[in-house]
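>>> below: sequence and its predicted model.
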Amino acid sequence: MTGRRSTIRMRLTALYAAAFFLAGAILIALMYFYLAQSLHNRPAGVQDIVAQFRSERGLPNRPVIDNLLTSIAAQAERERQETLRGMLVWSLVSLGAVGVAAGGFGWLLAGRALAPLHNVTATARRVADRSLHERIALEGPDDEIKELADTFDAMLERLDRAFDGQRRFVANASHELRTPLAINRTLVEVALGDPDVPDATRKLGETLLEVNRRNERLIDGLLVLAKGEQRLDTYARVDLADIAHRAIMTAGPAARQAGIQVASDLAHAYVIGDPALLERLAENLVENAIRYNVAECGWVHVSVTGDAQYSRLSIANSGPNVAAFEIDGLFEPFRRLASSERITEGGQPTGSRGAGLGVSIVRAVAIAHGGDARAEARTDGGLVVTVTLPFRQ
């Protein structure tokens, strides 16, 4: 059972109430001490005065008068004790009643004092969910809370400039890096189109084309990874079942070429996000499941499920055994398993190794959509990779 969360407002209210009760207890103690001293043995003082008067005048003792004085003194002492007791009881009762009222008043004061902090928190949540362009712009006295809000605004300003610079860099890199590779590919293809090209040159050209294609895939993966780590610019309602189905259709030729059986169990599950990035996420998962598989009787199973809170895309495949300690490294850029030899690449068998960006892109896109991606090793070999995203009706 989880206890109730302790908030600053509750703690401040408790401090206000404790300070009030402490001050009230000290005040009652001082009043009790003063009253006890003021009412101290006044009847006994009367007896002393009468005894002194008798001794000075030489008057004899009178038992009746003495008994009367003793009774008066005892009655006065009882009244004194009752007065002190009554004062103490009513003081404590009053302290409790006023203390409860003071606690409620302290709760209202704490809420009013912390209202600017709630504004800061609400703005921070909106910024985290939407964009970095919003500011708190807190108005009021120049106190510690306004200083905190101004500092937070300055931090948002720096972050906004940093992300804008990163977006511009990604856009420029997309053009500057792809253009020369496209030119190289065109030149090599034109050269290979000449029927008089010697076999050795043709073989070299084909090798250069393969290297160029690999570099294009690497650059494309880096750009998608950088875009996935930024905030989303496009929001749309997307059905993960449709996304997964298209990814399966796209990877169909490579699966048939490699002899991989692809099965699916797709239920409608909706999310809000960038359709292009979500398609890339699903394609990477399906392609990796086909590429890193077994040479014979391999299979891939794609499933989409959803509940009231989350939508899930899960890809399971046969493949080599994966140690548990290697799972976390799968999601790091340029990290590959020791046994990550591909059995197919674009429909052609291959023994090459990838750049190690596919699953990294998957996690980056999932996090950008408010979700996460996790992998689990199967006991019979292969992996189960599950992407969890917030569900949207």
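Received it, and whenever you're ready, just let me know what you need.

>>> quick one, strands of the stretch 251-393 of the chain?
261-266, 270-273, 299-306, 310-317, 372-377, 383-390 (DSSP state E, counting those that start in this stretch).

>>> which strands or helices does the last one pack on?
Looking back up the chat, that one is strand 383-390. Of the remaining helices and strands, those touching strand 383-390 by 3 or more C-beta pairs under 8 Å, 6 or more residues apart in numbering; DSSP states H and E are strand 270-273, helix 275-291, strand 310-317, helix 358-368, strand 372-377. The C-beta positions use only the backbone N, C-alpha and C, and glycine is treated the same way.

>>> got the angle between the longest one and strand 299-306?
Put plainly, it is helix 275-291. Orientation note: helix 275-291 sits at an angle of 150 degrees relative to strand 299-306 (axes from the mean of the first three to the mean of the last three C-alpha atoms, to 10 degrees).

>>> for P320, what are phi and psi?
P320 has phi and psi values of phi -70, psi 160 when expressed as degrees, to the nearest 10.

>>> would a markdown table of the helices and strands packed on strand 383-390 with mean neighbour count, distance to A102 and mean pLDDT be doable?
Converted to a markdown table, the helices and strands packed on strand 383-390 look like this (neighbours: other C-beta atoms under 10 Å; distance: least, C-beta to C-beta, whole Å; pLDDT from 0 to 100):
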| stretch | mean neighbour count | distance to A102 | mean pLDDT |
| --- | --- | --- | --- |
| strand 270-273 | 20 | 48 | 88 |
| helix 275-291 | 23 | 56 | 88 |
| strand 310-317 | 22 | 46 | 93 |
| helix 358-368 | 23 | 48 | 81 |
| strand 372-377 | 17 | 47 | 90 |
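
>>> want to throw the ones you listed into TSV with distance to A247?
Listed next are those as TSV, based on distance: least, C-beta to C-beta, whole Å:
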stretch	distance to A247
strand 270-273	15
helix 275-291	4
strand 310-317	9
helix 358-368	12
strand 372-377	15
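
>>> so which of these gets nearest L177?
L177 sits nearest to helix 358-368 of all these, at 16.6 Å, using C-beta to C-beta.

>>> and of the helices and strands packed on strand 383-390, who's closest to D153?
helix 358-368 (24.3 Å).

>>> circling back to that earlier point, now the strands of the stretch 251-393 of the chain in CSV, with distance to T7?
Listed next are those as CSV, based on distance: least, C-beta to C-beta, whole Å:
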stretch, distance to T7
strand 261-266, 44
strand 270-273, 31
strand 299-306, 34
strand 310-317, 28
strand 372-377, 28
strand 383-390, 26
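
>>> so in terms of bridging, what pairs with A263?
Beta-bridge partners for A263, by DSSP bridges, are H301.

>>> now for it: which residues touch it?
Listed by C-beta atoms under 8 Å, 6 or more residues apart in numbering, the contact set of A263 reads W299, V300, H301, V302.

>>> low-confidence stretches in the stretch 201-350 of the chain?
Residues of the stretch 201-350 of the chain meeting the criterion pLDDT under 70: 218, 221-222, 224-233, 333-350.

>>> which parts of the stretch 1-150 of the chain are helices?
Along the stretch 1-150 of the chain, counting by DSSP state H, counting those that start in this stretch, helices occupy 8-38, 42-57, 63-129, 144-192.

>>> between the last one and helix 63-129, how many degrees?
Between the axes of helix 144-192 and helix 63-129, defined by the same axes, to 10 degrees, the angle is 20 degrees.

>>> show the subsequent helix or strand relative to helix 144-192.
Scanning forward in sequence from helix 144-192 by DSSP states H and E, the next helix or strand is helix 199-228.

>>> which strands and helices sit next to that following helix?
By 3+ C-beta pairs under 8 Å, 6+ apart, helix 199-228 packs against helix 144-192, helix 275-291, helix 358-368.

>>> quick one, the first one and helix 199-228 angle?
What it means is helix 144-192. Interaxial angle of helix 144-192 relative to helix 199-228 (the same axes, to 10 degrees): 160 degrees.

>>> and the second one, by the same measure?
The directions of helix 275-291 and helix 199-228 differ by 130 degrees, with the same axes, to 10 degrees as the criterion.

>>> from here on, count from 5
Yes, from this point I'll number from 5; that puts the last item at helix 279-295.

>>> where's helix 279-295 relative to the chain centroid, distance-wise?
Centroid separation for helix 279-295 versus its chain: 26 Å, with C-alpha atoms, centre = their mean, to the nearest Å.

>>> next, the angle strand 387-394 makes with it.
On the basis of the same axes, to 10 degrees, helix 279-295 is oriented at 170 degrees to strand 387-394.

>>> how close does P394 get to L160?
Distance from P394 to L160, counting by C-beta to C-beta, to the nearest Å: 24 Å.

>>> same question but for L88, I mixed them up
With C-beta to C-beta as the criterion, L88 and L160 are 63 Å apart.

>>> which one of those two has more residues nearby?
It is L160, of L88 and L160, that has more neighbours when counted by other C-beta atoms under 10 Å, with 19 against 14.

>>> pretty sure the more buried one sits against R130.
No: L160 is not in contact with R130 according to C-beta atoms under 8 Å; the separation is 11.0 Å.

>>> please enumerate the shared neighbours of these two.
In contact with both L160 and R130: E138, using C-beta under 8 Å, 6+ apart.

>>> which non-adjacent residue is nearest T254?
Spatial nearest neighbour of T254, chain neighbours left out: E287 (6.0 Å); criterion: C-beta to C-beta, 6 or more residues apart in numbering.

>>> which residues does the one you found contact?
Remark: with contacts taken as C-beta under 8 Å, 6+ apart, E287 is in contact with A251, T254, A255.

>>> is it correct that the last one is in contact with N292?
In other words, A255. No: the pair A255 and N292 does not pass the contact test of C-beta under 8 Å, sitting 9.8 Å apart.

>>> need the pLDDT of H44.
At H44, the pLDDT value in this model is 60.

>>> correction: V131
69.

>>> redo the contacts of E287 as TSV? Include neighbour count.
Formatted as TSV, the contacts of E287 follow (neighbours: other C-beta atoms under 10 Å):
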residue	neighbour count
A251	24
T254	14
A255	26
